[in-house]
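Q: dropping the sequence and predicted coords here.
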Amino acid sequence: MTSLLTSRRTWVIVVVIALAATAGWHFTAYPRGALMAHIDHARGHFAVKACGEPLPWEDTTARLLEAKYGVVWERVAYCVVTEQLVRYADGYNSVSRRLLFKKYGKDVVAECAALAQQQQAAGDTQP
């Protein structure tokens, strides 16, 4: 066993595996997000992920989604966003929104966002 730990070949193999795992983790962000959405929906947790600069009506959209459909708006990052995180959120949302459409027969995220925009516009025009 001691000779195995001191073997140069063993250490090269360990380093190669570690590098491959790191690269694999980076390049599988989209499928990992999609898989997590399937898992979340199977356990009854309905969510959409948000990253990037928040829109003015985002809080209203989040409240509407939660109140009307039990969908949680999960902000995973604000302005500083990595490419990997964006791919993860895209993978998650592509599956989650499709499953929500299948469940409710409509795009509930788009519906709540449009309603939130209307409420925001109405609020802006009032004195």
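A: That came through, no problem. Numbering: from 1, shown residues only.

Q: from the contact counts, what lies against the strand or helix carrying Val14?
A: Assigned by DSSP states H and E, Val14 belongs to helix 8-27. The contact analysis (3 or more Cβ pairs under 8 Å, 6 or more residues apart in numbering; DSSP states H and E) places helix 8-27 against no helix or strand. Backbone N, C-alpha and C define where each C-beta goes, glycine included.

Q: show me what counts as buried in stretch 52-67.
A: By neighbour count with 16 or more other Cβ atoms under 10 Å, stretch 52-67 contains the buried residues 57-58, 60-62, 64-65.

Q: now swap in stretch 20-39 and tell me
A: 28-30, 33-34, 36-37.

Q: show me the shaky parts of this structure.
A: Applying pLDDT under 70 to the chain picks out residues 1-5, 24-26, 124-127.

Q: for the helix holding Val14, list the C-alpha coordinates in PDB.
A: Written as PDB, here are the backbone C-alpha positions of helix 8-27 (Å, rounded to 0.1, in the frame of the first residue of the first chain):
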ATOM      1  CA  ARG A   8       4.500   8.500  -9.600                       C
ATOM      2  CA  ARG A   9       2.000   6.700 -11.800                       C
ATOM      3  CA  THR A  10      -0.700   6.800  -9.100                       C
ATOM      4  CA  TRP A  11      -0.200  10.500  -8.600                       C
ATOM      5  CA  VAL A  12      -0.500  11.200 -12.300                       C
ATOM      6  CA  ILE A  13      -3.700   9.200 -12.500                       C
ATOM      7  CA  VAL A  14      -5.100  11.000  -9.500                       C
ATOM      8  CA  VAL A  15      -4.300  14.400 -11.000                       C
ATOM      9  CA  VAL A  16      -5.800  13.400 -14.400                       C
ATOM     10  CA  ILE A  17      -9.000  12.200 -12.700                       C
ATOM     11  CA  ALA A  18      -9.200  15.400 -10.700                       C
ATOM     12  CA  LEU A  19      -8.800  17.600 -13.800                       C
ATOM     13  CA  ALA A  20     -11.300  15.500 -15.700                       C
ATOM     14  CA  ALA A  21     -13.800  15.800 -12.900                       C
ATOM     15  CA  THR A  22     -13.400  19.600 -12.700                       C
ATOM     16  CA  ALA A  23     -13.800  20.000 -16.400                       C
ATOM     17  CA  GLY A  24     -16.700  17.600 -16.400                       C
ATOM     18  CA  TRP A  25     -18.400  19.600 -13.700                       C
ATOM     19  CA  HIS A  26     -17.900  22.800 -15.600                       C
ATOM     20  CA  PHE A  27     -19.200  21.500 -18.900                       C
END
